[in-house]
Structure formats: C-alpha cells, structure tokens
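Enquirer: generate a structure from the sequence data that follows.
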Amino acid sequence: MNPATLSPPTPASAPGRTRLGSETLFRHLIRVSQALAGRLDMQAAIQAVSDELAAILPHDHLDVCILRQDHHTAFEAGAHTDWSLNAHPLPIEGSPIRAVLLGQEPYLISGDALADPRFHFDGAFAHPILDQNLQSRLHVPLLVRGEIIGALSCSKRMRDFYDARDLGFARHVADVLAPYFYALRTAEDARRLAIEEAEGRAREDALREGALRLTEELERERQRIGMDLHDLTLADLTRLHRRIARMREAGMARLREAGGPGPEGWEALEAVEAELARTMAGLREIIDDARPNILQLFGLAEGIEDFLGRALDGSGSGIAWRFADQSFGAADHLSETLRVALFRIVQEAVNNAAHHAEPSLIEVELRREGEALAIEVRDDGIGFASLAQRKRVGGIRNMQTRARLVGASFAIGRRGDRQGTLVQIQLPVDGADKTQGPAGEGVR
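Expert: A predicted model of the protein is given here:
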C-alpha cells in the first residue's frame, strides 16, 4: 500500500496553538501513566487520561474503543455520544474508524470529519460526528504484541486542529494505554465469565434441588404404593388364593368320599391356583423393590446385600453373586435421600446385567476412596452395544440421571479384562466418618 494514500494531506496546525517542548511532553506522558494506576474500570481510566491529556493533546471528545470479536465498545470523556451510550456493542463494520480497527489504515487524521467520506459510508454509525460537530479527528490503534485491541480517538470542534506532531504523541499515549486497557478487558472478561459460570451453577443447583425434591416425593409415593399393594392388593389375592385352595381340596374330598370320578375336573381350578401363586410372588417382588425396608432400617450395605439375595437367589436365575463392603462406615452417614438414590442405581445396574448380559457372576463392591464413596457393579456377561446401537437405553439414562441429581459421577463400559460390563459410581462424602473398621463380604 502506498503511504500517500493512507490519509488526506495533513492539515495545517490550528492558528495560535501553543506547542510544548519534548521534555514537557515526556513529563505529561509519565503523568498519563500514573493517572491510570489503580483505575479498575475502563470508564474511570479514560476519564483520568482525558484530564491529563488536556494540556498536551487538547480535545472536546476523547474515547477508547475496545474490540470484542466482531463488535466494539466505546468509553468516552468530554462529550458523550451514542458510541458509548448505546445499550449494545456496535459492529465493527458500522464504525466510522473501521479502517483503523481492521488494520487497513495505520492511523486517520481529518481536518473536517463532517465532510470526510472516510467517516461516512453506507451503514456507518457516524451521526455522533454530526451531532457533536466533531470536525478535527485523530485516530491511532491500540496494539498489544502486534494485535489491534482497539483505538484511541481525539476530536475537536475546531477545523484543522491536529497535525503530524499530534500523531506522534498520540501514538506514544496509545502505547501506554494499550497494555492497561488490555489487562482491564481481560479482567472484565474473566469477571463476566465467572458471573456466567456462577449463574449457570446456581441454575443447575436449583434445577438439581427441584429434581431431587421431586425424586424424593416419587420415592415416598413409590413406597406408599408398595404398602398399599401389600396391605390391600396382596392381602386380597392371598385370601382369594386360600379360598380357591380350600374349594379345590373340598371338592376333591367329596369326590373321593362319593367314589366318583378322579380329580380331572378340578385341573382348571388347580391351574388358576398356581397362576395366582406366581402372580403373588411377582407382586411381592414389586412390593419389596418399592419398600426397601432393610435399606432404611440397617443402611446401604445391608440393603444392597439383601437385594442381591432376593433378586438373584430368589429368582432362580442361577447367577452367582458377590458383595464386598470396604466403605469403613462411610455409607452410614449418608442421608436417606442419598442412600436411596445409590441403592436404586445399583438395583438398576444389577437388573440390567441379569436380564441382558447373560452373566454367571455379578459382583458389587462398596468402598471408600479418599473423600468419596465408590460403588462398582461388575458382571462377566456378554457386555452391551454402544448407546447409538442400543434400542433401549432407558435404564442407563435412569442411572445417569439419578447420579447427576445427587452430585455423583457415573460411568459405564467394558471391564478392563474385556470380560463383561463395569458400572462405576462415585459420590463425594467429605463429612462422612473416616474411621476404618473391618470389611464385610457376602458371597453366593
């Protein structure tokens, strides 16, 4: 690019303007740097700079615009305009000094910005120039490690006020301001990010707390339904089963006394009785799952061990199981909500393994790991397909959701030896008792 095309001819210096010597300018430059000290926001910084520059770089309007991606924000001293008063950052493409901000020009000097076509183009946000009668304008970039982070702008309502001597000093001032405003921008971005993260965590915590309360209510309702099923439905089915059994036995006794035909006529009733017994057994399983009484009365370890016995021994599945408690009492200090959530995750993991993995052995281990309680559910089955390949992932999602609601981590994958599946849950338990005692282990 030809330097002669960078800007129009430098205007003549304003008549009667007093020029300061180099030593005086240097002292003022030091005072500009001192004025920035302790300024923790950009508006206060530009105001302090404006006061110090008044004698050596006179202006009716001073601003620093700071780049943020494809937008910029202006901070002004002297005349305040829509460049800083606008509620939203302005796009660079609409800035009257976009040539400097984009690195297309090394500086801009204009003796009459009201008529200078470089400041007025389609889409330009240039009306503050006209509104405030900002005729003389001087603009230099703010550079940090060769990167343009913004621009320093000086304006006077008098025509042809700035010249090449002002340009050199403005560049020195920009060199002083650039690292300071870069640091302020970085700090402001960090504060904004911290606020956004804090707000995000607060929203997440609120959602988690609400979902946790809902989970607790669902658990209570589940237990209430379990008790109703036990006290009403199961009781009614038990009475019906006994009546059918008595009817069948009485009818067969009368046939034997009468010397009539054999009991073939009662086979249908006997089949109903057997089917009813199977239904009652299944209902008892549902009731036991809905009412984890051992868990509530004796704790998480006893609840898990009791569940394994009922789910695997009682079902006739032929699946062996092993349970090891290496938690040293950490689980005993958990709230009922946490114990129930962890129990349900283990329950889901064991049921998934038993129903889908065709294992010969399922192992559950409960242990203390530093400031966390860890649970592992391992099986030696055929494993599982990836989530994308599985048609039913409801069980895994249920476990993930339960873990997330109580602040626990959840992972599922193949075991290290590639033999079956490993489910891992880890819950921080900072307040748990760290006293270590003997481990308990059950094997079936």
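Enquirer: can you give me the helices for the stretch 1-150 of the chain?
Expert: 22-36, 42-53, 82-85, 98-101, 127-131 (DSSP state H, counting those that start in this stretch).
Enquirer: can you tell me the helix or strand for residue 427?
Expert: strand 421-428 (DSSP states H and E).
Enquirer: contacts for that strand, please.
Expert: 334, 338, 342, 345-346, 349, 353, 357, 369, 371-379, 381, 383-384, 399, 403, 406-416 (CB atoms under 8 Å, 6 or more residues apart in numbering). Any C-beta I mention is one placed from the backbone N, CA and C, and that applies to glycine too.
Enquirer: now that strand: mean pLDDT?
Expert: The pLDDT scores in strand 421-428 average 93.
Enquirer: same thing with stretch 233-247?
Expert: 82.
Enquirer: quick check: buried residues in that stretch?
Expert: Buried residues in stretch 233-247, counted by 16 or more other CB atoms under 10 Å: 234, 237, 241, 244.
Enquirer: low-scoring stretches of the stretch 101-250 of the chain, by residue?
Expert: 208, 211-212, 215, 219 (pLDDT under 70).
Enquirer: tell me where the chain has strands.
Expert: For the chain, strands defined by DSSP state E occupy the ranges 61-68, 71-78, 90-91, 108-110, 136-144, 147-156, 320-326, 361-369, 372-379, 409-414, 421-428, 440-443.
Enquirer: adding mean neighbour count and distance to residue 299, write those out as TSV.
Expert: Below are those laid out as TSV (neighbours: other CB atoms under 10 Å; distance: least, CB to CB, whole Å):
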stretch	mean neighbour count	distance to residue 299
strand 61-68	23	55
strand 71-78	21	58
strand 90-91	16	62
strand 108-110	25	76
strand 136-144	23	60
strand 147-156	23	60
strand 320-326	19	10
strand 361-369	20	10
strand 372-379	22	12
strand 409-414	14	22
strand 421-428	20	15
strand 440-443	13	11
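Enquirer: I'd like those strands as a markdown table, with distance to residue 312 appended.
Expert: Shown next, in a markdown table, are the strands of the chain (distance: least, CB to CB, whole Å):
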| stretch | distance to residue 312 |
| --- | --- |
| strand 61-68 | 60 |
| strand 71-78 | 62 |
| strand 90-91 | 66 |
| strand 108-110 | 81 |
| strand 136-144 | 66 |
| strand 147-156 | 65 |
| strand 320-326 | 5 |
| strand 361-369 | 7 |
| strand 372-379 | 11 |
| strand 409-414 | 20 |
| strand 421-428 | 16 |
| strand 440-443 | 11 |
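Enquirer: ok so, going back, which members of the buried residues of stretch 233-247 occur in helices, if any?
Expert: Applying DSSP state H to the buried residues of stretch 233-247, the entries found in helices are 237, 241, 244.
Enquirer: before we move on, back to that, so for residue 285, which of the helices of the stretch 1-150 of the chain sits nearest?
Expert: helix 42-53 (67.4 Å; CB to CB).
Enquirer: got the buried residues for the closest one?
Expert: 42, 45, 46, 47, 48, 49, 50, 52, 53.
Enquirer: ok, the fourth one to residue 139 distance?
Expert: It refers to residue 47. From residue 47 across to residue 139, the span is 19 Å (CB to CB, to the nearest Å).
Enquirer: what residues are up against residue 144?
Expert: Contacts of residue 144 (CB under 8 Å, 6+ apart): 178, 179, 182.
Enquirer: roughly how far does residue 54 sit from residue 107?
Expert: From residue 54 to residue 107 the distance is 21 Å (CB to CB).
Enquirer: more crowded one of those two?
Expert: Neighbour count, other CB atoms under 10 Å: between residue 54 and residue 107, residue 107 has more, with 19 against 14.
Enquirer: could you list every residue that touches that one?
Expert: Residue 107 neighbours (CB under 8 Å, 6+ apart): 6, 7, 100, 138, 139, 140, 141, 167, 170, 171.
Enquirer: wait, what's in contact with the last one?
Expert: Listed by CB under 8 Å, 6+ apart, the contact partners of residue 171 are 107, 140.
Enquirer: report the separation between it and residue 185.
Expert: 20 Å.
Enquirer: got it, and residue 209?
Expert: 36 Å.
Enquirer: who has more neighbours, the two?
Expert: residue 185 (18 against 11).
Enquirer: ok so, going back, just so I know, which of the helices of the stretch 1-150 of the chain lies nearest residue 145?
Expert: That would be, of these and by CB to CB, helix 98-101, which comes in at 16.9 Å.
Enquirer: check contacts around the nearest residue to residue 39 once chain neighbours are set aside.
Expert: Distances taken as CB to CB, 6 or more residues apart in numbering put residue 45 closest to residue 39, at 4.0 Å, once the chain neighbours are dropped. Counting by CB under 8 Å, 6+ apart, residue 45 touches 36, 39, 64, 75, 177, 180, 181, 184.
Enquirer: show me where the stretch 251-400 of the chain dips below the pLDDT cut-off.
Expert: 255-256, 258-267, 288-293, 314-316, 384-394.
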